[in-house]
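J.: Mind folding the following:
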Amino acid sequence: MDSRVHRLAKAFWRGSYERSAPLGNQIFDADHMMSLMQGIMNGIAREGNAVVVGRGAPYLLRENPDVFHVFLYAPGVEKIRRLVNEGHAQSEAEDLVDSVDRERIAYIKHYFNADWPTRCLYHMMINTAVGNEIVISTILETMRTLERAPVSPQLPTCANE
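T.: Residues are numbered from 1 along each chain as shown. This next block holds a predicted model:
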């Protein structure tokens with residue numbers, strides 16, 4: 001999401017004479033990015049056979065019956081351990097985990113007026129602390145099982161929609 005300062009500046013800019021500047025209303029900000037993301041996600045969904053990580057995909061593609069939604073999560077201590085293994089200091093890793101989760105919560109609340117994660121949008125949720133190979137095989141096996149199902153299971157409509 002854009003910073004508060006950027007959003008304030010944008011509000012002033014939209015209401016000012018400079019609005020007729022060569023950029024017009026095509027300033028690239030988080031709102032414009034979301035509009036582009038919707039188009040990109042719809043295109044990806046039409047083409048099929050793709051993996052989309054994050055970017056609000058379960059919200060943007062929730063009406064598409066051919067999409068399989070998986071939420072991957074890890075306990076905070078696991079996220080911190082991974083970041084420390086990548087070379088981050090312990091305190092930096094802790095701050096990063098907290099700030100990324102706060103930003104995700106704010107992003108989803110701002111653009112989709114929903115709580116993160118909105119569990120009813122996912123076919124499955126997996127704790128990645130079990131290991132990458134187990135996560136991958138679980139996802140693939142579940143997808144294969146659903147493909148063989150006589151009727152494709154639809155996700156229930158979320159109560160708050």
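
J.: if we look at stretch 139-159, which residues are touching it?
T.: For stretch 139-159, contacts defined as C-beta atoms under 8 Å, 6 or more residues apart in numbering pick out 62, 65, 68-70, 114, 118, 120-124, 126. C-beta coordinates here come from the backbone N, C-alpha and C atoms, glycine included.

J.: in stretch 32-50, what's buried?
T.: Within stretch 32-50, the residues scored as buried using 16 or more other C-beta atoms under 10 Å are 34, 37, 41, 44-45.

J.: Same check on stretch 55-73?
T.: For stretch 55-73, using 16+ other C-beta under 10 Å, the buried residues are 56-62, 67, 69-70.

J.: what does that stretch contact?
T.: Contacts of stretch 55-73 (C-beta under 8 Å, 6+ apart): 34, 37-38, 41-42, 45, 48, 52, 107-108, 111-112, 114, 117-119, 121-128, 135, 139, 143, 146, 152, 154-155.

J.: Out of these, which end up buried?
T.: 34, 37, 41, 45, 52, 107-108, 111-112, 114, 118, 121-123, 126, 135, 139.
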